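K.L.:
A predicted structure for the sequence below; I have some questions about it.
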Amino acid sequence: MKQDEGFDPVAAGILLGLANTLMCAIGIAIAEPSKELGGVIMMFGFLPGMLIGALEGGIASLLRRSPPWVRVVLLAPIPVGFVFTMASALMLHAEGAVYGPCILTFVAVLVLERASRAKPLVPRAYVP
């Protein structure tokens, strides 16, 4: 990667994975205070969040020149599927609390896609 291309998408993926794990843990702790799942999610979710974030950052850097819709279609299934599976395993599906973390994860994927997009070769024309 050249110096003028900005940040490393893998590092951004790791940070977004950690931020997503933290936000999901806070959201579920607020939504389900009786189960006390916030600490459990942070304890067991930070390493998979980092690893999946690094994987997503690597995929984003490989697809840097692809159209945005292709990038979203290829980036979204892994983390959203993982979060949905883990939330279902924690029996959150019955309360309907599985959709909040999936929405947060999809937003993190959209942020990673936009942040790691390559700059166009030809600058945009502006008409005064």
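P.N.:
That came through fine. Residues are numbered from 1 along each chain as shown.
K.L.:
can you give me the helices for this structure?
P.N.:
9-31, 38-62, 68-75, 77-89, 99-115 (DSSP state H).
K.L.:
Pretty sure residue 88 sits against residue 96.
P.N.:
No - contact between residue 88 and residue 96 fails when scored by C-beta atoms under 8 Å: they sit 11.7 Å apart. To be clear about C-beta, it is placed using only N, CA and C from the backbone, and glycine gets the same treatment.
K.L.:
and the closest residue to residue 32 other than its chain neighbours, what is it in contact with?
P.N.:
Leaving out its chain neighbours, the residue that sits closest to residue 32 by C-beta to C-beta, 6 or more residues apart in numbering is residue 97, at 6.2 Å. Shown in contact with residue 97 (C-beta atoms under 8 Å, 6 or more residues apart in numbering): 28, 31-32, 87.
K.L.:
re earlier: now tabulate the helices of the chain in CSV and tack on mean pLDDT and distance to residue 123.
P.N.:
Output for the helices of the chain, formatted as CSV (pLDDT from 0 to 100; distance: least, C-beta to C-beta, whole Å):
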stretch, mean pLDDT, distance to residue 123
helix 9-31, 90, 22
helix 38-62, 91, 22
helix 68-75, 93, 18
helix 77-89, 89, 33
helix 99-115, 92, 18
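K.L.:
mind putting those in JSON lines, mean neighbour count included?
P.N.:
Below are those laid out as JSON lines (neighbours: other C-beta atoms under 10 Å):
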{"stretch": "helix 9-31", "mean neighbour count": "20"}
{"stretch": "helix 38-62", "mean neighbour count": "18"}
{"stretch": "helix 68-75", "mean neighbour count": "15"}
{"stretch": "helix 77-89", "mean neighbour count": "16"}
{"stretch": "helix 99-115", "mean neighbour count": "19"}
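K.L.:
Out of these, which is closest to residue 122?
P.N.:
helix 68-75 (17.0 Å; C-beta to C-beta).
K.L.:
for the closest one, packing partners?
P.N.:
Of the remaining helices and strands, those touching helix 68-75 by 3 or more C-beta pairs under 8 Å, 6 or more residues apart in numbering; DSSP states H and E are helix 38-62, helix 99-115.
K.L.:
Now distance to residue 83 too, for those helices, in TSV please.
P.N.:
Below are those laid out as TSV (distance: least, C-beta to C-beta, whole Å):
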stretch	distance to residue 83
helix 38-62	9
helix 99-115	5
